[in-house]
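A.B. asks: What follows is a protein structure lacking sequence information:
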């Protein structure tokens, strides 16, 4: 028998329970911090204040929303750049001597036939593809006829 009437294995058991109690307490505190303490959506800092508060400062709020807006409009910007380049090439062809140009010339200029704004059928029933107000139509002999809407 050891002190206070406890055997050696009982003392070891009590010591183990005390250590596990500390572990459980730390686990509960960490879970409380993870799920119940509000964190900033941008930087992750702990926050105090209103229950619906999402950001710790105006800077974090602005950075978060700017990043969201940029990622949403990035693809739109890429498409607009391609459409603008296509329009510029068509306008250059229309200002030249002839409105009929070879397809190879458009490819050399960087024209992308996958991007256009709309399509219409002319009175003859032939398809005319437009890039804003400038359109093009496939002709015979690998030529494109460029025209204004």
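C.D. replies: Nice, thanks for sending it over. Quick caveat, the model's predicted, so the values are computed rather than measured.

A.B. asks: ok, the nearest residue to residue 143 once chain neighbours are set aside - contacts?
C.D. replies: Leaving aside its chain neighbours, residue 143 sits nearest to residue 100 (4.9 Å; criterion: C-beta to C-beta, 6 or more residues apart in numbering). The way it works is simple: take the backbone N, C-alpha and C, and place the C-beta from them, glycine included. Residue 100 sits next to 139, 143-146 when contact means C-beta atoms under 8 Å, 6 or more residues apart in numbering.

A.B. asks: Now residue 100, what are its backbone angles?
C.D. replies: Recorded main-chain torsions at residue 100 are phi -100, psi 120, according to degrees, to the nearest 10.

A.B. asks: Tell me the secondary structure at the most centrally placed residue in the chain.
C.D. replies: Residue closest to the average C-alpha location in the chain (C-alpha atoms, centre = their mean): residue 71, at 3.6 Å. Using DSSP: H, G, I helix; E, B strand; the rest coil, the structure places residue 71 in helix.

A.B. asks: if I look at it, how far off is residue 65?
C.D. replies: Distance from residue 71 to residue 65, counting by C-beta to C-beta, to the nearest Å: 11 Å.
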